[in-house]
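Student: here's a sequence, model it:
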Amino acid sequence: MAFPSLSELAPHGTTFVALTIAAVLLTPGPTNTLLFLAGSRDGIRRSLPLIAAEWVGYLISIGVWCVFLALAAAVAPWAPPVARACAAVYIAWSAIKLWRTAPQAGAAGSKGIGPRDLFTVTLLNPKAFFFATVVFPPLAAGPAALLEAYLIFSALLLPIAALWISMGAAVLAYPSATPRQPMVHRIASVVLMGFSGSICYTLLAR
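Tutor: Predicted coordinates:
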């Protein structure tokens with residue numbers, strides 16, 4: 001199965017690539033949900049290290065997808081759907097875990113969203129599949145083209161991730177924010193389960 005790259009879809013070059021990356025990163029998803037949740041619980045300063053976990057998770061995931069798709073196109077065309085199914089299962093598991101731990105959210109000593117949690121969810125984020133198949137150039141384009149794509153991606157990811165954390169931290173501006181943490185966790189759990197369901201629906205529809 002061949003996927004078009006932005007070099008074929010976008011005659012306007014770098015500007016169109018940047019706009020596409022920004023639009024996808026701004027879209028609500030599993031990683032952004034956890035960034036928002038972390039900001040609402042721990043505030044901006046304590047949540048900023050999570051951006052590094054997201055960045056590393058995306059870079060590894062996109063790189064693996066690029067290599068994987070190049071190989072799978074020739075020997076295992078069924079492999080990409082299987083990988084997406086595994087991602088859906090993990091996201092669903094994360095949603096269930098959030099729901100079950102919601103009653104303890106906001107309590108003294110309760111466990112928040114850690115770098116490991118965010119890294120794993122980002123590593124399995126379906127957005128990485130989109131970036132690898134549509135935004136990033138194929139491996140045959142050479143290291144210079146891949147490096148340029150990575151640099152554009154990184155320059156956009158950092159401020160957008162900070163924006164999601166800031167939106168979550170805005171919850172803390174209200175005096176009743178902490179008592180409402182269980183509700184925030186449950187809403188985030190439902191959102192994550194929705195993402196998992198949408199992936200499964202897409203796979204079944206095909």
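Student: look up how far Leu37 lies from Ala95.
Tutor: Remark: distance between Ala95 and Leu37 (C-beta to C-beta, to the nearest Å) = 12 Å. C-beta: built from backbone N, CA, C; applies to glycine.
Student: need the residues touching each of those two.
Tutor: Listed as contacting both Ala95 and Leu37 by C-beta atoms under 8 Å, 6 or more residues apart in numbering is no residue at all.
Student: these two: which has the busier surroundings?
Tutor: Leu37 (29 against 23; other C-beta atoms under 10 Å).
Student: the more buried one reaches Val171, doesn't it?
Tutor: No. Using C-beta atoms under 8 Å, Leu37 makes no contact with Val171, being 9.5 Å away.
Student: which residues are in contact with the residue most central in space within the chain?
Tutor: Nearest to the geometric centre of the chain sits Thr31, at 3.8 Å (C-alpha atoms, centre = their mean). Thr31 makes contact with 54, 57, 118, 121-122, 125, 127 under the criterion C-beta under 8 Å, 6+ apart.
Student: could you find the closest non-adjacent residue to Val121?
Tutor: Spatial nearest neighbour of Val121, chain neighbours left out: Pro30 (5.0 Å); criterion: C-beta to C-beta, 6 or more residues apart in numbering.
Student: ok, that neighbour touching Leu192?
Tutor: Yes. Applying C-beta under 8 Å, one finds Pro30 in contact with Leu192, separated by 5.7 Å.
Student: between the two, which contacts overlap?
Tutor: 91, 94.
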